[in-house]
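Novice: This is a predicted model, with the sequence first.
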Amino acid sequence: ALVVGMAVLGVIYLLIINIVPGIFEGKTNRVRHKPPYIVPAEVQALHNRLLVADLHADPLLFHRDLLKRGKTGQVDLPRMLEGNIGFQVFGVVTKSPKGQNFESNPADAFDNITLLAVMSGWPPRTWGSLMQRALYQARKLQRFSARSGGRLMLVHNQSDLQSFLDRRRQGEKVVGGFADLEGIHALEGKLENLDRLYQAGFRMIGLTHFFDNEAGGSAHGTSKAGLTDFGRAVVKRTQQLHMLLDLAHASPRIIADVLALTTAPVVASHTGICGTCDNVRNLKDEQVRGIAATGGVIGIAMFDQAVGETSVEATARAMRYTADLVGVEHVALGGDFDGSIEAPIDYSGMALLTQALLKEGFTETEIEQILGLNFMRVLKAVLPEQ
């Protein structure tokens, strides 16, 4: 009877793993305007010439094969290739508070990712360890790359980057990318775990996510504090390892502290600008200027709380505001697709953003910079040689 009972429980768990995550994602990662997406031929021709780089998407959280076109979600390799996404930074979320909001989240709130990990069939070692969740998602990305037939290339250093760029120039349909940690709470208070993440392929580190942690305050936490001593050590070690620092979700005091410390370009990977959509999630003009002064870029997102409405036009307007403020060379795309948002389009429709940028008065050369070349410049300045 015990064996039968265990078998029944096993079957029920397998059903949960294969059914419930898809239902959950269908409700959280919605697309307002479904394909097909049509733009004028000359716009499509321009878009096809671009190297489109997106600084943030979260598909690794979900129970999907990214090498296949999904019926849910907003991001997968077929839709990347169709939308001419050339480079993708994959966000890695390890903890998300129940009742998550932009104003104030306690660090000890019930964690949604624990439930997601169990229901999605993640290994038991990830159920109680944030570090293991980060490593597990990095391994998922590695496995997708290994199975992609060369279409998804992980970029870890300057040599990889040059190889990727050479392949793109030769007309190959290849997407480059690496992992970005959303919040150093995944380090579990141990600086040496940053080196473990580096070895696992992470090349960008976000200090905070939706709550305060050992580095300091989140824009959405309770303290709004600056960098702690541990946070300063993380900043220093991140730059020693030639990893990018990501200021998305950081408190204003952390942003100011990092800008005073940094010796390399920094980024805000997925954000909005208070000048077009004023809330605590978004960057004020002086913060935009500070990031630009490091040589970094601001990745403008594609959801309503970041840009004011769910439309590609709103994203283009925020890009125009940022370009007018600090120069087109500091503007980038950080869509936040598959980040539990409603997106205006899925990845296959990215040419619509190119069209919106043209309508905002950007030249073709400026669009090339915004949608990819600016971020490539930052990677050339930061990534390790080998």
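Specialist: Noted; the coordinates are in hand.
Novice: what's the helix or strand for the most centrally placed residue in the chain?
Specialist: Nearest to the mean C-alpha position of the chain, by C-alpha atoms, centre = their mean, lies residue 56 at 2.1 Å. For residue 56, the element it lies in under DSSP states H and E is strand 52-57.
Novice: Summarise which helices and strands that strand is packed against.
Specialist: Packing partners of strand 52-57 (3 or more C-beta pairs under 8 Å, 6 or more residues apart in numbering; DSSP states H and E): strand 85-92, strand 267-271, strand 297-300, strand 331-333, helix 374-382. From N, CA and C alone the C-beta is placed, and that goes for glycine too.
Novice: So what angle separates the directions of that strand and strand 267-271?
Specialist: When axes from the mean of the first three to the mean of the last three C-alpha atoms, to 10 degrees is applied, the directions of strand 52-57 and strand 267-271 differ by 80 degrees.
Novice: got the CA positions of strand 52-57 in PDB?
Specialist: C-alpha atoms of strand 52-57 as PDB (Å, rounded to 0.1, in the frame of the first residue of the first chain):
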ATOM      1  CA  VAL A  52      19.500  44.000 -31.400                       C
ATOM      2  CA  ALA A  53      20.700  43.500 -27.800                       C
ATOM      3  CA  ASP A  54      18.200  43.100 -24.900                       C
ATOM      4  CA  LEU A  55      19.700  43.700 -21.500                       C
ATOM      5  CA  HIS A  56      17.100  41.800 -19.600                       C
ATOM      6  CA  ALA A  57      14.600  38.900 -19.800                       C
END
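Novice: ok, then the element right after that strand?
Specialist: Following strand 52-57 in sequence, per DSSP H and E, is helix 77-82.
Novice: Just the C-alpha atoms of that following helix, please, in PDB.
Specialist: Taking Å, rounded to 0.1, in the frame of the first residue of the first chain, the C-alpha atoms of helix 77-82 are listed here in PDB:
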ATOM      1  CA  LEU A  77      15.000  31.100 -29.400                       C
ATOM      2  CA  PRO A  78      12.600  30.800 -32.400                       C
ATOM      3  CA  ARG A  79      11.000  34.100 -31.500                       C
ATOM      4  CA  MET A  80      14.400  35.700 -30.900                       C
ATOM      5  CA  LEU A  81      15.600  34.700 -34.300                       C
ATOM      6  CA  GLU A  82      12.300  35.900 -36.000                       C
END
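Novice: Please compute how far that helix lies from its chain's middle.
Specialist: Helix 77-82 sits 17 Å away from the centroid of its parent chain (C-alpha atoms, centre = their mean, to the nearest Å).
Novice: What ranges does the stretch 1-150 of the chain have for its helices?
Specialist: If DSSP state H, counting those that start in this stretch is used as the criterion, the helices of the stretch 1-150 of the chain fall at 2-28, 41-49, 77-82, 112-119, 130-147.
Novice: Count residues in the vicinity of the nearest residue to the residue nearest to the centre of the chain once chain neighbours are set aside, would you?
Specialist: Once flanking residues are discounted, residue 56 sits nearest to residue 270: 3.7 Å by C-beta to C-beta, 6 or more residues apart in numbering. Residue 270: 34 surrounding residues under other C-beta atoms under 10 Å.
Novice: go on, residue 260?
Specialist: That count, for residue 260 with other C-beta under 10 Å as the rule, works out to 10.
Novice: And the helix or strand hosting it, what does it pack against?
Specialist: Using DSSP H and E, residue 260 maps to helix 252-261. Where contact means 3+ C-beta pairs under 8 Å, 6+ apart, helix 252-261 is packed against helix 229-240, helix 285-293.
Novice: Using a markdown table, lay out the ones you listed together with distance to residue 119 and mean neighbour count.
Specialist: Shown next, in a markdown table, are the helices and strands packed on helix 252-261 (distance: least, C-beta to C-beta, whole Å; neighbours: other C-beta atoms under 10 Å):
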| stretch | distance to residue 119 | mean neighbour count |
| --- | --- | --- |
| helix 229-240 | 31 | 18 |
| helix 285-293 | 37 | 18 |
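Novice: Those: which one's closest to residue 303?
Specialist: helix 285-293 (18.8 Å; C-beta to C-beta).
Novice: tilt between that closest one and strand 267-271?
Specialist: 130 degrees.
Novice: could the helices and strands packed on strand 52-57 go into a markdown table alongside distance to residue 277 and mean pLDDT?
Specialist: Below are the helices and strands packed on strand 52-57 laid out as a markdown table (distance: least, C-beta to C-beta, whole Å; pLDDT from 0 to 100):
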| stretch | distance to residue 277 | mean pLDDT |
| --- | --- | --- |
| strand 85-92 | 21 | 98 |
| strand 267-271 | 10 | 98 |
| strand 297-300 | 10 | 98 |
| strand 331-333 | 16 | 99 |
| helix 374-382 | 21 | 98 |
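Novice: what would these look like in TSV with distance to residue 359?
Specialist: Conversion of these to TSV gives the following (distance: least, C-beta to C-beta, whole Å):
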stretch	distance to residue 359
strand 85-92	21
strand 267-271	22
strand 297-300	16
strand 331-333	16
helix 374-382	20
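Novice: For the stretch 101-250 of the chain, just list every one of the strands.
Specialist: 152-154, 175-182, 202-206, 244-246 (DSSP state E, counting those that start in this stretch).
Novice: Include mean pLDDT, distance to residue 297 and mean neighbour count when you put the ones you listed into TSV, please.
Specialist: Shown next, in TSV, are the strands of the stretch 101-250 of the chain (pLDDT from 0 to 100; distance: least, C-beta to C-beta, whole Å; neighbours: other C-beta atoms under 10 Å):
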stretch	mean pLDDT	distance to residue 297	mean neighbour count
strand 152-154	98	21	21
strand 175-182	98	14	25
strand 202-206	98	12	26
strand 244-246	98	10	28
